[in-house]
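Asks: here are the coordinates; sequence isn't available:
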């Protein structure tokens with residue numbers, strides 16, 4: 001289990017971890033620890049917010065730092081998937097060509113444009129966070145990873161190789177049920193903290209998951225690691241948006 005946790009943090013974050021052997025057995029439960037990466041990011045996010053306020057930073061500086069903080073902590077792995085997916089979707093090419101674009105390391109014009117739009121929107125929405133809603137934003141980092149991890153294990157894959165297929169194949173059959181339990185616990189915590197806003201966050205996440213599955217199956221023939229990253233970024237910004245509206 002410890003190896004599985006280390007592999008999860010090493011894969012999905014830049015948080016320093018000891019070196020371990022990446023064998024199939026060690027990867028059996030790594031997806032179960034994916035939400036724990038979100039927990040670590042959420043804790044740092046909340047503490048960062050409070051420390052910056054205590055130091056005396058203004059709203060603009062705090063918003064800018066908190067906008068880039070999750071990207072720095074996860075190494076940009078999910079933003080990379082978001083940008084690759086935008087490029088592929090915007091190409092209007094056949095399915096096979098879209099999948100090739102996902103693997104292309106070069107960034108196209110649409111990725112650059114929508115990347116700027118995403119960060120600018122995030123900056124504005126983060127500026128609407130207050131000392132109450134920030135805890136739901138932090139919970140959103142956990143929730144989005146539970147849904148993303150569950151999709152990797154259960155959704156149809158667009159190709160038989162790649163990160164999503166490899167991770168799914170290595171994962172134990174019990175992983176999807178463990179993620180469901182983690183999701184229920186997280187949802188209960190969000191509802192207990194704030195029933196209305198927590199409930200809205202939960203519904204928004206499920207709405208994003210529904211859209212993600214429908215879009216991925218129609219446009220790409222299934223999901224990939226990049227599409228899972230796209231979903232995660234989409235889920236997190238929509239949670240920010242609903243909390244900005246319902247603050």
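Replies: Sure thing, it's come through. Please read all numbers here as calculations on a predicted model, not as lab measurements.
Asks: point out where the protein drops to low pLDDT.
Replies: Per-residue confidence for the chain (pLDDT under 70) gives these ranges: 21-26.
Asks: try it again at 90.
Replies: Scanning the chain for pLDDT under 90 picks out 1-33, 87-111, 153, 158-176, 225, 246-247.
Asks: now do the helices in it.
Replies: 2-12, 34-55, 59-74, 77-91, 95-103, 109-126, 134-154, 163-170, 175-193, 195-215, 225-245 (DSSP state H).
Asks: in JSON lines: the ones you listed, plus distance to residue 20 and mean neighbour count.
Replies: For the C-beta atoms, the positions are set from N, CA and C on the backbone; glycine is no exception. Below are these laid out as JSON lines (distance: least, C-beta to C-beta, whole Å; neighbours: other C-beta atoms under 10 Å):
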{"stretch": "helix 2-12", "distance to residue 20": "5", "mean neighbour count": "20"}
{"stretch": "helix 34-55", "distance to residue 20": "16", "mean neighbour count": "18"}
{"stretch": "helix 59-74", "distance to residue 20": "19", "mean neighbour count": "17"}
{"stretch": "helix 77-91", "distance to residue 20": "19", "mean neighbour count": "22"}
{"stretch": "helix 95-103", "distance to residue 20": "27", "mean neighbour count": "16"}
{"stretch": "helix 109-126", "distance to residue 20": "33", "mean neighbour count": "16"}
{"stretch": "helix 134-154", "distance to residue 20": "20", "mean neighbour count": "24"}
{"stretch": "helix 163-170", "distance to residue 20": "14", "mean neighbour count": "19"}
{"stretch": "helix 175-193", "distance to residue 20": "19", "mean neighbour count": "17"}
{"stretch": "helix 195-215", "distance to residue 20": "31", "mean neighbour count": "17"}
{"stretch": "helix 225-245", "distance to residue 20": "21", "mean neighbour count": "23"}
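Asks: who wins for proximity to residue 27 among those helices?
Replies: For residue 27, the closest of the helices of the chain is helix 163-170, at 3.9 Å, according to C-beta to C-beta.
Asks: residues in contact with that closest one?
Replies: Here helix 163-170 makes contact (C-beta atoms under 8 Å, 6 or more residues apart in numbering) with 24, 27-28, 30-31, 152-153, 157, 159, 223-225, 227-228.
Asks: now those residues as a markdown table including distance to residue 119?
Replies: As requested, the contacts of helix 163-170 are arranged in a markdown table below (distance: C-beta to C-beta, whole Å):
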| residue | distance to residue 119 |
| --- | --- |
| 24 | 37 |
| 27 | 32 |
| 28 | 36 |
| 30 | 29 |
| 31 | 28 |
| 152 | 25 |
| 153 | 30 |
| 157 | 29 |
| 159 | 29 |
| 223 | 24 |
| 224 | 23 |
| 225 | 21 |
| 227 | 20 |
| 228 | 20 |
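Asks: for residue 62, see how far away the residue in the chain sticking out farthest from the centre is.
Replies: Among the C-alpha atoms of the chain, the one most distant from their mean position (C-alpha atoms, centre = their mean) is that of residue 56, at 29.9 Å. The gap separating residue 56 from residue 62 is 10 Å, by C-beta to C-beta, to the nearest Å.
Asks: ditto for residue 41
Replies: 17 Å.
Asks: equivalent analysis for residue 136, please.
Replies: Using C-beta to C-beta, residue 136 is found at 17 Å from residue 62.
Asks: from residue 209, how far off is residue 235?
Replies: 7 Å.
Asks: so what touches stretch 33-53?
Replies: Identification of contacts with stretch 33-53 by C-beta under 8 Å, 6+ apart yields 4-5, 7-9, 12-13, 15, 61-62, 65-66, 69-70, 73-74, 129, 134-135, 137-146, 148-149, 179, 182, 186.
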